[in-house]
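In: Sequence and predicted structure, then a few things I'm wondering about:
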Amino acid sequence: MGEVNQVVDHLKLEYKGIFNIKELFGMFGRWYKESPYEKGGDYISEQRTHHGKCIEYVYWPWKKQTDYIRHYMKLRILIYDAKKVDVMVDGKKQRLDHARFLLYLDGFVENDYESRWRDTPLFMFIRTLASKFFYKRYAKFMERMVIDDCHHLYEKFERFFNMYRSFRPVKKQPHFYY
Amino acid sequence: MGNMEKKLREKLRKKIKWQYEQYKSVGKIPHPLSHIRFKGVWDMQDLYEFVANFLRERKYKFHEKIYKHKHPSPYGVEQQLVWEANQVVDDVYTYVINFYVHTYDAQDIQVKMKDGSVRTFTKGRVWIEITSHIDMYEHIGFGKNAFLAYLKIVMQSYLLRKRHGWIEWDVMMYREVQKLIWLMRRRLKMEYDEYEQKDWMGVHT
């Protein structure tokens, strides 16, 4: 474990309504393939309650940027009260999920991830001096890359939920709606 | 050796001594002491499990260092518990939280719940002290000689100063310790149920 800097701190996305949980994770999986991040799963929990399913996922996507710098994120996805509902889409009935969705996104830059510059105090001093003083602009550039990746992923989630914004459950609509 | 040189040497010696003292004093960043004082009925097992779970979910290592069960008096049992939780954040920082729990006049009572089940709660008084700090450069060995100590002072004072004070201290204090205290108060069902940093999401860069 090297020197870890948190650059994106709890970016939060909240949504309540209809969406497809399976498609959500499909979209997220495609993002993994498109971006060169490696999949790092950490924690999955699912609980069935009388008011619906409560699901929690924590992922740690990471990628090695150089031999010295690694980027990683922490995604905490919380889904509360997930229930199946029937929805009319283009004149066809579809079975989707209704739930409350929460996403917390953190971004990190890890310097010296192989811990080659931490064994002696002098090495550590040089490492700190390099990242904070000599290569300050380079370190900032690396931080900016993680920030951009985090915002890109955040916007992907936003776009995904915007697709479902107009969907309404069948039973709650007036009879003249369709 | 001239008089001037003597003065310079003395000045340098004093300066190095002062720097070493400073080095020793900046080995860790402490947090203010927080405490909970409660009198009434509570579920000790639930409180214990909750604290252990909360810390384990956040990747802390949790240790019960002392468990003292004193000879019961006519008023009840006196217990002392000392817990420690620590988490290695990276090469530089280690978060440490210390708990001191002391119960007075504690008696086990049977409580009948609304659904008819019977549970064992504790009735008495409890005093909980929570101290925490951030250890820095624990395993690196900056204390071997004066030169390395000086390097550490330079790092502390100039290179990582903002990070120590504004990022690590705040994050640990407001997101870990204060949140835990708030949730512990909730477990004890205390009237004061406020957590100022509830919606604090940090800096969105």
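Out: Sure thing, it's come through. Numbering: from 1, shown residues only, chains lettered A, B, ... in the order given.
In: and residue 116, how many neighbours does it have?
Out: Let's take chain A. The tally of other residues near A:Arg116 (other CB atoms under 10 Å in any protein chain shown) stands at 12. All C-beta spots, glycine's among them, are computed from the backbone N, C-alpha and C.
In: wrong one, I was asking about chain B
Out: The burial count for B:Gly116: 6, using other CB under 10 Å.
In: May I have the predicted confidence score for whichever residue of chain A sits closest to chain B?
Out: Closest residue of chain A to chain B, CB to the nearest CB: A:Asp9 (3.1 Å). pLDDT, A:Asp9: 85.
In: Check the one 3 residues further on too.
Out: According to the model's per-residue confidence, A:Lys12 sits at a pLDDT of 87.
In: So in terms of bridging, what pairs with it?
Out: Using DSSP bridges, the beta-bridge partners of A:Lys12 come out as A:Tyr104.
In: worst-scoring helix or strand of chain B, pLDDT-wise?
Out: Least confident element among the helices and strands of chain B, by mean pLDDT, DSSP states H and E: helix B:3-25 (a mean of 71).
In: got the contact list for the spatially most central residue of chain B?
Out: Of all residues in chain B, the one closest to the mean position by CA atoms, centre = their mean is B:Ser132, 1.8 Å from it. B:Ser132 makes contacts with B:Pro30, B:His31, B:Tyr95, B:Val96, B:Ile97, B:Asn98, B:Met172, B:Met173, B:Glu176, B:Val177, as judged by CB atoms under 8 Å, 6 or more residues apart in numbering or on different chains.
In: separation between the fifth one and B:Ile128?
Out: Looking back up the chat, that one is B:Ile97. 12 Å (CB to CB, to the nearest Å).
In: same question, A:Glu56
Out: Taken as CB to CB, the span from A:Glu56 to B:Ile128 is 28 Å.
In: which one of those two has more residues nearby?
Out: When neighbours are counted by other CB under 10 Å, A:Glu56 and B:Ile128 differ, and B:Ile128 comes out ahead with 21 against 15.
In: Centre of the chain to the helix or strand that contains the more buried one, how far?
Out: Element membership for B:Ile128 (DSSP states H and E) is strand B:118-136. Centre-to-centre, strand B:118-136 and its host chain are 12 Å apart (CA atoms, centre = their mean, to the nearest Å).
In: tell me the angle whichever helix or strand comes after it makes with strand B:118-136.
Out: Going down the chain from strand B:118-136, the next helix or strand is helix B:146-154, by DSSP H and E. Put simply, helix B:146-154 runs at 110 degrees to strand B:118-136, going by axes from the mean of the first three to the mean of the last three CA atoms, to 10 degrees.
In: Which strands and helices lie in contact with helix B:146-154?
Out: Applying 3 or more CB pairs under 8 Å, 6 or more residues apart in numbering or on different chains; DSSP states H and E, one finds that helix B:146-154 contacts helix A:121-129, helix B:3-25.
In: What residues sit buried inside stretch B:166-176?
Out: Residues B:Ile167, B:Glu168, B:Trp169, B:Val171, B:Met172, B:Met173, B:Arg175, B:Glu176 are the ones in stretch B:166-176 that count as buried (16 or more other CB atoms under 10 Å in any protein chain shown).
In: swap that for stretch A:65-85, please
Out: Here stretch A:65-85 shows A:65, A:68-80, A:82, A:85 as buried, counting by 16+ other CB under 10 Å.
In: Point to the residue nearest the middle of chain A.
Out: Compute the mean C-alpha point of chain A, and by CA atoms, centre = their mean the closest residue is A:Leu75, 3.9 Å away.
In: So that residue is in contact with A:Tyr59, correct?
Out: Yes - contact status for A:Leu75 versus A:Tyr59: in contact at 4.4 Å, counting by CB atoms under 8 Å.
In: Report the helix or strand with the lowest average pLDDT across chain A.
Out: strand A:41-49 (a mean of 86).
In: C-alpha coordinates for it, PDB please?
Out: Only the C-alpha atoms of strand A:41-49 are listed here, as PDB (Å, rounded to 0.1, in the frame of the first residue of the first chain):
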ATOM      1  CA  GLY A  41     -15.500  -6.600  -6.200                       C
ATOM      2  CA  ASP A  42     -15.500  -6.300  -2.500                       C
ATOM      3  CA  TYR A  43     -18.900  -6.700  -0.900                       C
ATOM      4  CA  ILE A  44     -22.300  -7.800  -1.900                       C
ATOM      5  CA  SER A  45     -25.300  -8.100   0.400                       C
ATOM      6  CA  GLU A  46     -28.900  -8.700  -0.300                       C
ATOM      7  CA  GLN A  47     -31.800  -8.800   2.100                       C
ATOM      8  CA  ARG A  48     -35.400  -9.700   1.500                       C
ATOM      9  CA  THR A  49     -37.800  -7.800   3.700                       C
END
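In: Packing partners of that strand?
Out: The contact analysis (3+ CB pairs under 8 Å, 6+ apart) places strand A:41-49 against strand A:52-59.
In: is the strand it packs on anywhere near chain B?
Out: No - applying CB under 8 Å from any CB of the partner chain, one finds strand A:52-59 separated from chain B by no less than 9.7 Å.
In: With stretch A:75-95 instead?
Out: No - counting by CB under 8 Å from any CB, chain B is not contacted by stretch A:75-95; separation bottoms out at 11.1 Å.
In: Show which residues not belonging to that stretch make contact with it.
Out: Contacts for stretch A:75-95 (CB under 8 Å, 6+ apart): A:18, A:21, A:51-61, A:96-105, A:153, A:167-171, A:173, A:178.
In: Pull out the buried residues from these.
Out: Using 16+ other CB under 10 Å, the buried ones in the contacts of stretch A:75-95 are A:18, A:21, A:52-55, A:57-61, A:96-99, A:101-105, A:153, A:167.
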